[in-house]
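**Student:** sharing a sequence plus its predicted fold:
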Amino acid sequence: MVEIKWTTVRRGLLLSLLLWLILREVAGDVGGIIGFVVATMVVGYRVNEGYMDGAIHGSLVGAVGGIIGGLIILILYLIGLGDMAKQLWPVAGVIEAVIVLILYAIVGAIGGTVGSAIQKLR
């Protein structure tokens, strides 16, 4: 049974947000994606338990981050800032949002696994 280290997940979420904001300004959407992947790699590295734990923690960062981001986008739509919301997350429907969340979790799991592998090599 995997014990989830929520402190590491929370730190990964904050790091993901910071790197996404900074690198998105520098390199556009690709920079934001790179920031997200680097954050999940750091989470996998910090968990220091094994490949599976790194993957689970990385996918949690992706899924929880996607849910939080989706809720922020929903709030922006509800208060009348739909144009800003479309720029941040160009997802039009619920099915697309679910697919994006799944992709975030998959990419997060890959990043967490790579971070765990780097930890094992060290």
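**Tutor:** Thanks, I have it.
**Student:** which regions of this protein lie under the pLDDT threshold?
**Tutor:** Counting by pLDDT under 70, the ranges of the chain that qualify are 1, 85, 88-92.
**Student:** residue at max distance from the center of it?
**Tutor:** Within the chain, the residue lying farthest from the chain centre (Cα atoms, centre = their mean) is Gly80, at 25.9 Å.
**Student:** torsion angles phi and psi at it?
**Tutor:** Torsion angles at Gly80 (phi, psi; degrees, to the nearest 10) stand at phi 90, psi 20.
**Student:** report how many residues lie close to Val2.
**Tutor:** 12 (other Cβ atoms under 10 Å). Just so you know, the C-beta spots here come from the backbone N, C-alpha and C atoms, and that holds for glycine as well.
**Student:** quick one, what contacts it?
**Tutor:** Val2 sits next to 49, 52-53, 56 when contact means Cβ atoms under 8 Å, 6 or more residues apart in numbering.
**Student:** kindly report the same for Ser16.
**Tutor:** 35-36, 39-40, 61, 65.
**Student:** redo that, cut-off 10 Å
**Tutor:** Applying Cβ atoms under 10 Å, 6 or more residues apart in numbering to Ser16 gives the contacts 32, 35-40, 42-43, 61-62, 64-65, 69, 104, 108, 111.
**Student:** which element, helix or strand, includes the spatially most central residue of the chain?
**Tutor:** With distances taken as Cα atoms, centre = their mean, the residue of the chain nearest its centroid is Gly62 (3.2 Å). Assigned by DSSP states H and E, Gly62 belongs to helix 51-78.
**Student:** mind telling me what element Gly32 is part of?
**Tutor:** When elements are assigned from DSSP H and E, Gly32 belongs to helix 6-47.
**Student:** lovely, talk soon.
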